[in-house]
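S.K.: okay, structure incoming, though there's no sequence with it:
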């Protein structure tokens, strides 16, 4: 998992070919002014889900993992707490992998919690079990999906 201020994204853009186009887009567009829903930047290889989720208490949120996509969490107007634990330390699988949704869930509890602020991004790789959407109320948030083996 990587947490970085969006203005410092150049320091990690070499980690994946889709990171620079994604960060350039995020820096040049106000997602709060855009409609909710999916915005494709490069078809299935790179897209953004712009959403308005209701936040949950930490004990109510399950940890999720993905195989085909890297998640880039982008809080837009509200702080968000995100739980994390390495999948190497997760043992209590609560669902089988859902190929159509690229996800599975664990009952394990996070070993670490971080607070993300607007202007920051949190990158969760497939080995990063994460519990997003923790807090009170609702928020505007975007989650970019970056295909692991992309050639953007």
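M.R.: Done, it's in. It should be emphasised that the depicted structure is a prediction, and the values quoted were computed from it without experimental measurement.

S.K.: my read: residue 27 touches residue 8, true?
M.R.: No. Counting by C-beta atoms under 8 Å, residue 27 does not reach residue 8; the two are 11.2 Å apart. Quick note: C-beta positions are derived from backbone N, CA and C, even for glycine.

S.K.: from what I can see residue 135 touches residue 55, true?
M.R.: Yes. Using C-beta under 8 Å, residue 135 makes contact with residue 55 at a distance of 3.8 Å.

S.K.: joint contacts of the two?
M.R.: With contacts defined as C-beta atoms under 8 Å, 6 or more residues apart in numbering, the residues shared by residue 135 and residue 55 are residue 80.

S.K.: neighbour-wise, which of those two wins?
M.R.: Per other C-beta atoms under 10 Å, whichever of residue 135 and residue 55 has more neighbours is residue 135, with 22 against 19.

S.K.: and that one, what is it in contact with?
M.R.: 55-56, 78-81.

S.K.: filter those residues to the buried ones?
M.R.: Buried members of the contacts of residue 135, scored by 16 or more other C-beta atoms under 10 Å, are 55-56, 78, 80-81.
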